[in-house]
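Peer 1: Quick one, fold the following:
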Amino acid sequence: MSLLRSLRRILAHYRHPGPFSVELTSAVMRQGSFIQKMIGLGWTDPNRFATDKTVVLRAIGRYHAFLDLMSSSPASFFVPTLASLDSGCCETCG
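Peer 2: Coordinates of the predicted model:
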């Protein structure tokens, strides 16, 4: 995807000028969907990682790899996904 196309996709969420120009309804709905997925994975449970830190350590490693990817391609637009968290959780927590 070209940088210009990525920029157009981002700016498409801005409906009018001003500090509150992002279309908030869609943003809130996306955030709600993300939170539901995190609840489904058990990641919001306070005791989820009390005995096994493996999942968290692997997620940190994947996030560092994501940051390395971003820094190696500054002209590209990357978004981390929940899929990598999901697969890491399923692999280590069965």
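Peer 1: Show me how far the helix or strand hosting residue 59 is from its chain's centre.
Peer 2: Following DSSP states H and E, one finds residue 59 within helix 54-72. On the basis of C-alpha atoms, centre = their mean, to the nearest Å, helix 54-72 sits 12 Å off its chain's mean C-alpha point.
Peer 1: what's the neighbour count on residue 41?
Peer 2: Neighbours of residue 41 under the rule other C-beta atoms under 10 Å: 18. C-beta coordinates here come from the backbone N, C-alpha and C atoms, glycine included.
Peer 1: which phi and psi does it have?
Peer 2: phi -80, psi -10 (degrees, to the nearest 10).
Peer 1: gap between it and residue 77?
Peer 2: Note on residue 41: its distance to residue 77, by C-beta to C-beta, to the nearest Å, is 26 Å.
Peer 1: Equivalent analysis for residue 54, please.
Peer 2: Separation of residue 54 from residue 77 (C-beta to C-beta): 31 Å.
Peer 1: do the same with residue 71
Peer 2: 13 Å.
Peer 1: Now do the helices in the protein.
Peer 2: With helices called from DSSP state H, the chain shows them at 3-11, 24-41, 54-72, 82-93.
Peer 1: So which other helices or strands are in contact with the shortest one?
Peer 2: Where contact means 3 or more C-beta pairs under 8 Å, 6 or more residues apart in numbering; DSSP states H and E, helix 3-11 is not packed against any helix or strand.
Peer 1: ok, residues contacting it?
Peer 2: Taking contacts as C-beta atoms under 8 Å, 6 or more residues apart in numbering, the residues outside helix 3-11 that touch it are 75-77.
Peer 1: give the contact list for residue 27.
Peer 2: Applying C-beta under 8 Å, 6+ apart to residue 27 gives the contacts residue 13.
Peer 1: Quick check: it vs residue 51, distance?
Peer 2: Distance, residue 27 to residue 51, by C-beta to C-beta: 35 Å.
Peer 1: Check residue 14 too.
Peer 2: Relative to residue 51, residue 14 is positioned 45 Å away (C-beta to C-beta).
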